[in-house]
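A.B. asks: requesting a structural model of the entry that follows:
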Amino acid sequence: QLQLVESGGGLVQPGGSLRLSCAASGFSLDNYVIGWFRQAPGKEREGVSCISSSDGTTRYADSVKGRFTISRDSAKNTMYLQMNSLKPEDTAVYYCAVRASRSLLFGLCVSGLFDYWGQGTQVTVSS
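C.D. replies: Got it, this is the predicted structure:
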């Protein structure tokens with residue numbers, strides 16, 4: 001059974017850091033596009049970062065460039081989102097996701113193109 005289980009969310013002060021993890025079971029992350037998305041109250045789900053498995057193409061939302069880093073650990077079959085210099089506007093529920101393909105479609109990191117989702121983890125940035 002294909003499953004994604006997230007961890008690592010929480011409350012952090014502005015300027016702080018968090019690392020989100022997403023452990024996969026039932027399939028290998030190495031063979032698929034992986035991504036992180038977030039949804040704040042009253043807003044649509046937005047793509048934070050995605051990375052293909054075919055050529056390593058990586059996408060970041062402009063709002064997180066230079067602060068967030070997506071990665072995967074093949075040995076642990078786990079994907080990560082390292083978040084630094086966090087801001088209050090980063091507050092949202094964060095979701096990991098997998099697209100059943102090795103490549104991003106037209107280079108897009110959008111939720112409608114992803115097939116499997118984690119349960120979500122709350123990240124709150126507040127003093």
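A.B. asks: switch to C-alpha atoms for all contacts and neighbour counts from now on
C.D. replies: OK.
A.B. asks: now the spatially most central residue of the chain. Nearest residue, chain neighbours left out?
C.D. replies: Ranked by distance to the mean C-alpha position of the chain (CA atoms, centre = their mean), the top residue is Trp36 at 1.8 Å. Excluding its sequence neighbours, the residue lying closest to Trp36 (CA to CA, 6 or more residues apart in numbering) is Cys96, at 4.6 Å.
A.B. asks: and that neighbour, its phi and psi?
C.D. replies: phi -90, psi 150 (degrees, to the nearest 10).
A.B. asks: show me where the protein dips below the pLDDT cut-off.
C.D. replies: Counting by pLDDT under 70, the chain shows no low-confidence range.
A.B. asks: just the strands from it, written as ranges.
C.D. replies: Listed in chain order, the strands of the chain (DSSP state E) span 3-7, 10-12, 18-25, 33-39, 46-51, 58-60, 68-73, 78-83, 92-99, 116-117, 121-125.
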